[in-house]
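1. 3D model of this:
(chains A and B, ligands or ions: 2)
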Amino acid sequence: MFKHNIIYSFKLLIKNKVLIFWTLFFPLILATFFHLAFSNISDSEKLNIIDIAIIENELLDNNSYFKESFVYLSSSNENQLFDTIFTTEEDAKELLTNNEIVGYIVLNGDGPSLVVKNSDINTTILKYVIEEINQNSIIINNTLESSVNQNTTINDISNQIISYLSSSNISITDQSSDNVDYMMLPFYSLVAMTALYGGILGVAMINYFLANMSSVGKRVSVSPTKKSILILSGVIASYIIQLLGISLLMFYTSVILNINYGSNVFLVFLLGLVGSLAGLSFGIAVSSLFKVNEDTKTGIIISVTMLGCFLSGMMISSLKYIIDKYIPIVNLFNPASMITDGLYSLYCYDNFNKYWFDIMSLLIFSLLLILLSITSLRRQKYDSI
Amino acid sequence: MNYVIEVEHLTKKYKSFKAIDDLSFKVKKGEILGLLGPNGSGKSTTINCLLALLNFKQGHIKIFGKEMKQDAYDIKQDIGVVFQDVAVFDELTVYENIDYFGGLYIKDKNLRKTYINEALDLVSLKDFAKFYPKQLSGGLIRRLNIACGIVHKPKLIFLDEPTVAVDPQSRNNILNGIRKLRDDGATIIYTTHYMEEAEMICDNIVILDKGNIIAEGSSDELKKLAKIEEKVIVEIMNFDDKYLKMIGKLKNVVDVTYASSILTVKYNKGQNNLVTFIEYLKENKIEYFKIYSERPTLNDVFLEITGKELRD
Ligand SMILES: Nc1ncnc2c1ncn2[C@@H]1O[C@H](COP(=O)(O)OP(=O)(O)O)[C@@H](O)[C@H]1O
Ligand SMILES: [Mg+2]
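-> Residues are numbered from 1 along each chain as shown, chains lettered A, B, ... in the order given. Ligands and ions are numbered 1, 2, ... in the order given. Purely as a prediction, here's the structure:
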């Protein structure tokens, strides 16, 4: 019974060209797009050392990670990215007017802000690095707070900072080498989005079983096959396709586009797979619980995925921290956030606790949604079909 | 009693619109029950309620003596449904479609294979087993639709207008198939708005209009309700209306009408009505093109009760 349903569900999905395009090929197109965008940059503009200024103030003195990071990135070695002057705001303004720096950074209560004259590749890189460093500094300051409570020595703390810096993903080095970490960010987003777009498969799958969504759904609904069997076999079939999608994306980006996921490549892959399950479950739940047409359901999936990715900081990294700070409940139930958190944690923490925590959260999230869907569909009758 | 279906006081509303109004009927084991009614009379709604797809306001439905519910899987196992809309997957071949739906009922692969072949035979689709639905004509798709619904050899079969928009050859094939299913022991609910079909294959007929049962019984019992025994139909080009009154007063005549070159004379009893009328026409030197006599049809029953035609 299970095998029969899995085989046919798979056949139905794989022959649906629209679904296959969005789940298998669209991510590859985006990956190619990202890759071209970034490789063009490195081709056309040889990366120079960027002249910047940072305004001296009390906040900067208190945020040693932030300051140290720029000192580190400005020290003359092969990793040097910036030439940083620590100065007053007035001075910096004048330097900027005279084009002696591309921009200057002011730390204020809301975090760092960047002042530039015009935007080009240098200011883009600068922005990226500032966001990165800022995020890390928030994480680190939190870690430090708890460390301090446990009576650790100053020495421990500075050791920690040094270890963060050396393992940091902001050590942008040579544009020509493979290991350019900031270029990875869009690809992580892509993994998360590919995983969550699995929801579209879930919607299509469930609609085949619903009497109010399709005529075949009526046939299926009057059969003695339980909804749980139908849904679970549908999940397995869709999951196989998701697995293909994530594998294809990882293969394409790492082998064809030469993107280096580093030593954590398998953990990234695993998170993609677990994230896919969450995406699928979400699609199934939307399809089961909302009595609207298929296009609306797909619309819900796409907009919730986009919103989720947005809230989890994919486009504006600092947004995630604002939300985590003021309305943490949002990202607690946001699968996109669970995925990006997990991916970040691979680079921001020394241990994998956070990573496994996110994996578990995603699994629980999926299980709950699937159970909810089965329960709601089990005795479903309609006012009108 | 040996009733396969018992429906009591079934009422179904779509929002405020009452599609079915206090319907009660029973279906005997082994019969073909026809639900006959014009479009929109509530046939499909009735079937969807019986199958526990639709919520309904009030009423009780028993199938095989047990209350029908959404999760009454043992009842569902023995039911086969052919919906009004074609319900097949475009992505699957004819054979795969039948196999998929059959598999929802029958786990044993070999048994299923045998049944699929029998279903293909029943609807004469053997030669098309590898075709995709898009490659089939309308009539053939309807036959596939039927095969998908009956492949598991159900004891009770619902067929909702299975012959709508099909060519005569497919229609005959379908009607013969349905008879064969009945002869093999199945009980069948058959909805249609074609009265000829209902007359041809149904053992009992329930006539629906606006969600109400207006008559029920066998075809012969129903025809008695029409209150006429014979109709004489004459094709006349230029008929003078002045004769209408006279004809109306002839022996046994209950009604006479002339419309679109057709004169219809209805008799409540008597023999030799046709011969007598031919004499009458000759006497009055009325020229006609064609004349024949007809037994009353279910349409006459419908007309008698509702005052309107059954055909659209
Ligand atoms: N989903 C629905 N929503 C509202 N009204 C409906 C719906 N389905 C059918 N109806 C109305 O209910 C009546 C009965 O419809 P239906 O059962 O489909 O008739 P039939 O099958 O005899 O043609 C019609 O007047 C139709 O317009
Ligand atoms: Mg209908």
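2. what residue ranges in the stretch 1-150 of chain A are flagged as low confidence?
-> A:38-48, A:77-79, A:119-121, A:124, A:128, A:140-150 (pLDDT under 70).
3. Strands along that one, start to end?
-> In the stretch 1-150 of chain A, the strands defined using DSSP state E, counting those that start in this stretch lie at A:50-55, A:82-87, A:103-108, A:111-116.
4. Give the helix, strand or coil label for the nearest residue in space to A:L273 that is not next to it in sequence.
-> The spatially closest residue to A:L273, leaving aside those adjacent along the chain, is A:I246, at 6.1 Å (C-beta to C-beta, 6 or more residues apart in numbering or on different chains). For glycine as for every other residue, the C-beta is placed from the backbone atoms N, C-alpha and C. For A:I246, the assignment made with DSSP: H, G, I helix; E, B strand; the rest coil gives helix.
5. what sits against A:I246?
-> The contact partners of A:I246, by C-beta atoms under 8 Å, 6 or more residues apart in numbering or on different chains, come to A:191, A:194-195, A:269, A:272-273, A:276.
6. Output these as a markdown table; include the columns neighbour count.
-> Shown next, in a markdown table, are the contacts of A:I246 (neighbours: other C-beta atoms under 10 Å in any protein chain shown):
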| residue | neighbour count |
| --- | --- |
| A:V191 | 26 |
| A:T194 | 27 |
| A:A195 | 29 |
| A:F269 | 18 |
| A:G272 | 25 |
| A:L273 | 18 |
| A:S276 | 29 |
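7. ok, and the closest non-adjacent residue to A:R378?
-> A:K227 (5.4 Å).
8. Could you tell me how many residues sit around the residue in the stretch 1-150 of chain B that ligand 2 sits nearest to?
-> Relative to ligand 2, the nearest point of the stretch 1-150 of chain B is B:S44 (3.2 Å; C-beta to the ion). If you count neighbours by other C-beta atoms under 10 Å in any protein chain shown, B:S44 ends up with 20.
9. quick one: contacts for it?
-> By C-beta under 8 Å, 6+ apart, the neighbours of B:S44 are B:84, B:160-161, B:191.
10. Where neighbours are concerned, which of the residues you listed has the most?
-> Ranking those using other C-beta under 10 Å puts B:T191 first, with 24 neighbours.
11. quick revisit: dihedrals phi and psi, the residue nearest to A:R378?
-> phi -60, psi -30 (degrees, to the nearest 10).
12. list the contacts for it?
-> Counting by C-beta under 8 Å, 6+ apart, A:K227 has contacts A:209, A:374, A:377-378, A:380.
13. Then B:F289?
-> Per C-beta under 8 Å, 6+ apart, neighbours of B:F289: B:235-237.
14. just checking, what packs against the longest helix belonging to chain B?
-> For chain B, the helix reaching the highest residue count under DSSP state H is reported as helix B:168-183. Counting by 3 or more C-beta pairs under 8 Å, 6 or more residues apart in numbering or on different chains; DSSP states H and E, the packing neighbours recorded for helix B:168-183 are strand B:32-36, helix B:109-122, helix B:138-150, strand B:187-192, helix B:195-201.
15. near ligand 1, which residues of the stretch 251-385 of chain A?
-> Residues of the stretch 251-385 of chain A lying close to ligand 1 (C-beta under 6 Å from any ligand atom) are A:S384.
16. which intervals of the stretch 251-385 of chain A have sub-threshold pLDDT?
-> A:312-321, A:324, A:344, A:347-351.
17. can you pull out the helices in the stretch 201-350 of chain A?
-> A:215-221, A:227-251, A:265-289, A:294-311, A:317-326, A:328-332, A:335-348 (DSSP state H, counting those that start in this stretch).
18. just the stretch 201-312 of chain B next, same as before
-> B:219-224, B:242-248, B:273-283, B:298-306.
19. Ok, which of those helices comes nearest ligand 1?
-> helix B:298-306 (13.7 Å; C-beta to the nearest ligand atom).
20. Please see if the closest one touches ligand 1.
-> No. Using C-beta under 6 Å from any ligand atom, helix B:298-306 never reaches ligand 1; the gap is at least 13.7 Å.
21. Name the surrounding residues that touch that helix.
-> For helix B:298-306, using C-beta under 8 Å, 6+ apart, the contacting residues are B:36, B:195, B:198-199, B:205, B:207, B:209, B:214-215, B:219, B:222-223, B:225-228, B:231, B:266, B:308-311.
22. Kindly recompute the last result at 10 Å.
-> For helix B:298-306, the external contacting residues (C-beta atoms under 10 Å, 6 or more residues apart in numbering or on different chains) are B:34, B:36-38, B:194-196, B:198-199, B:202, B:205, B:207, B:209-210, B:212, B:214-215, B:217, B:219, B:221-228, B:231, B:255, B:266, B:294, B:296-297, B:308-311.
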